[in-house]
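**Student:** just a sequence and a predicted model for now, questions to come.
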Protein chains: 2
Amino acid sequence: LDADITGSSIPKMFGLDARPSGSETGILPVLSKSGIEIMSMNLLLPTEDEAVIWRGPLMSKAITQFWEEVLWGRLDYLIIDLPPGTGDAPLTVLQVIPIYGVIDVFTPQELTEMIVKKAVRMAQKMNVRVLGVVENMSYLVLPETGKKLEVFGSSRGEGMAKASGAPLLGKLPIDPELARSCDEGKIERYSSDAVSEFFANLVAVLNRKNEV
Amino acid sequence: LDADITGSSIPKMFGLDARPSGSETGILPVLSKSGIEIMSMNLLLPTEDEAVIWRGPLMSKAITQFWEEVLWGRLDYLIIDLPPGTGDAPLTVLQVIPIYGVIDVFTPQELTEMIVKKAVRMAQKMNVRVLGVVENMSYLVLPETGKKLEVFGSSRGEGMAKASGAPLLGKLPIDPELARSCDEGKIERYSSDAVSEFFANLVAVLNRKNEV
């Protein structure tokens, strides 16, 4: 569920441009190549670069409809992608949808850290658990030497994990291959050691929580 | 004027933590070290990582107050920093404030390009001119060889300029020194050839527009 209504990018990453079809009972999500159900505002626009100039209440209504009127069926997990900040979209998601937990993604800059701490506080205020944090654009592997370069400064992963009271699930590098996969709509074909490690940690956290 | 209410980062970049003082006639902006007047939601919060969990109408009201009730005095230019997307903040700014023009900032990914095109369309729909476009995180200068590495893929500057009908004002690299300056609150001390070139182009555009 792409809850970034005015800047939705999920369909493009998955190479999707089919329109969701409707039935009497609701809207059918669009299936990705590997079988993931997707609903995004961009699937409903005449062209993908059309502007959705909406104030918050309309945005909230769209997110609520994506939750209530889309025929998701039986899912293993519903993943909701949110825009940055603590505005209407996250507030609506936290209020309307029974969220199991939140994953906060940040880049290793003090600036971003401050904004993600706001998001962590928001989750705490609304009694939603933070499952973990992920450091994105953590470093770049230099193509010639294979050395890691921390382009935005030293990793802040451990500090963020401490501040949010949740584990650091992974550190993802800036990877030109990932950028290319997204632009070509082939995100499902992308894999890397860093992503595998992140998924393994995430699965461990979900299994642990399920036991409790 | 920091119009990113839920993710404001301007005060931190400038190293400011003073509270704006009020008078009978309005709110006084905070002065940066080099004398720039600044108003931001983060200057009004008890701590900088406090979450502003606001729906759109409240956000719009804050932006309107920053415009109407702050005693800006005589300014050369009022620069308004907006969050990404085409939601409440840009809509309020375009509706409430008599904007001279818009500068769109993008990173060289097709994904971002699509979202910035939405912003360009928004400006066009609301009859506000696009003064120019800027490519951010355009490349990284490798520390050992001095070579330019386009980490997010080839530059899309010319294409974006064409799509928005406005000149490409600059291509700014990913620069660890810039990230550090922001984190240390010393953005005003930062300078680079790429930034100087961007400013020269911007001044040329503003002068040309003033002549017309």
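**Tutor:** It's in.
**Student:** can you give me the strands for chain A?
**Tutor:** Taking DSSP state E as the test, the strands found in chain A are A:22-23, A:26-27, A:30-31, A:37-38, A:102-106, A:130-135, A:140-141, A:148-149, A:168-171.
**Student:** need the contact partners of the last one.
**Tutor:** Residues outside strand A:168-171 that contact it (Cβ atoms under 8 Å, 6 or more residues apart in numbering or on different chains) are A:103, A:131-135, A:138-139, A:155, A:157-158, A:160-161, A:194-195, A:197-198, A:201-202, A:205. Placement of C-beta: from N, CA and C, glycine included.
**Student:** so who does A:Trp67 touch?
**Tutor:** A:1, A:96-97.
**Student:** A:Leu178: which of the strands of chain A is closest?
**Tutor:** strand A:140-141 (11.4 Å; Cβ to Cβ).
**Student:** so how far is the closest one off the chain centroid?
**Tutor:** How far strand A:140-141 lies from its chain's middle: 22 Å, per Cα atoms, centre = their mean, to the nearest Å.
**Student:** could you do stretch A:83-95 as well?
**Tutor:** Computed by Cα atoms, centre = their mean, the chain-centroid distance of stretch A:83-95 equals 12 Å.
**Student:** quick check: mean pLDDT of that stretch?
**Tutor:** Regarding stretch A:83-95, the rounded mean pLDDT is 89.
**Student:** what does it rub up against?
**Tutor:** Residues from elsewhere that reach stretch A:83-95, judged by Cβ under 8 Å, 6+ apart: A:3-7, A:56-57, A:59-60, A:63-64, A:80, A:82, A:99, A:115, A:118-119, A:122-123, A:126, A:128, B:4-7, B:51-56, B:59, B:83-85, B:87-88.
**Student:** where in chain A is pLDDT low?
**Tutor:** A:209-212 (pLDDT under 70).
**Student:** and the gap between the closest residue to A:Val120 other than its chain neighbours and A:Val151?
**Tutor:** Leaving out its chain neighbours, the residue that sits closest to A:Val120 by Cβ to Cβ, 6 or more residues apart in numbering or on different chains is A:Ser164, at 4.4 Å. Between A:Ser164 and A:Val151 the distance is 23 Å, computed by Cβ to Cβ, to the nearest Å.
**Student:** residues in contact with the closest residue to A:Asp81 other than its chain neighbours?
**Tutor:** Leaving aside its sequence neighbours, A:Asp81 sits nearest to A:Asp2 (Cβ to Cβ, 6+ apart; 5.3 Å). Counting by Cβ under 8 Å, 6+ apart, A:Asp2 touches A:8-11, A:38-42, A:66, A:81.
**Student:** and the residue nearest the centre of chain A?
**Tutor:** A:Asp81 (3.5 Å; Cα atoms, centre = their mean).
**Student:** in contact with that residue, which residues?
**Tutor:** A:1-4, A:10.
**Student:** equivalent analysis for A:Met41, please.
**Tutor:** For A:Met41, the contact set (Cβ under 8 Å, 6+ apart) comprises A:2, A:5-6, A:8, A:52, A:62.
**Student:** and those residues, which are buried?
**Tutor:** A:2, A:5-6, A:8, A:52, A:62 (16 or more other Cβ atoms under 10 Å in any protein chain shown).
**Student:** all helices for chain A, in order.
**Tutor:** In chain A, the helices defined using DSSP state H lie at A:10-13, A:56-68, A:88-96, A:110-125, A:157-164, A:176-183, A:193-211.
**Student:** angle of the fourth one against helix B:176-183?
**Tutor:** The reference is to helix A:110-125. 50 degrees (axes from the mean of the first three to the mean of the last three Cα atoms, to 10 degrees).
**Student:** near A:Pro143, how many residues? Count them for me, please.
**Tutor:** 12 (other Cβ atoms under 10 Å in any protein chain shown).
**Student:** looking at chain A, what residue ends up closest to chain B?
**Tutor:** The minimum distance from chain A to chain B, using Cβ to the nearest Cβ, falls at A:Gly56 (2.4 Å).
**Student:** okay, domains of chain A per the record?
**Tutor:** Domain ranges of chain A: A:1-84, A:100-212, per automatic domain parsing.
**Student:** what is the burial count for the closest residue to A:Met160 other than its chain neighbours?
**Tutor:** Excluding the flanking residues, the one nearest A:Met160 by Cβ to Cβ, 6+ apart is A:Val133, at 4.8 Å. Per other Cβ under 10 Å, the neighbour tally for A:Val133 reads 28.
**Student:** return the residues in contact with A:Val133.
**Tutor:** A:103-106, A:116, A:157, A:160-161, A:164, A:166-169.
**Student:** and A:Met114, by the same measure?
**Tutor:** The contact partners of A:Met114, taken as Cβ under 8 Å, 6+ apart, are B:9, B:12, B:48-49.
**Student:** go with 7 Å
**Tutor:** B:12, B:48-49 (Cβ atoms under 7 Å, 6 or more residues apart in numbering or on different chains).
**Student:** excluding its backbone neighbours, what's nearest A:Ala163?
**Tutor:** A:Ala163 sits nearest to A:Lys117 (Cβ to Cβ, 6+ apart), 5.8 Å away.
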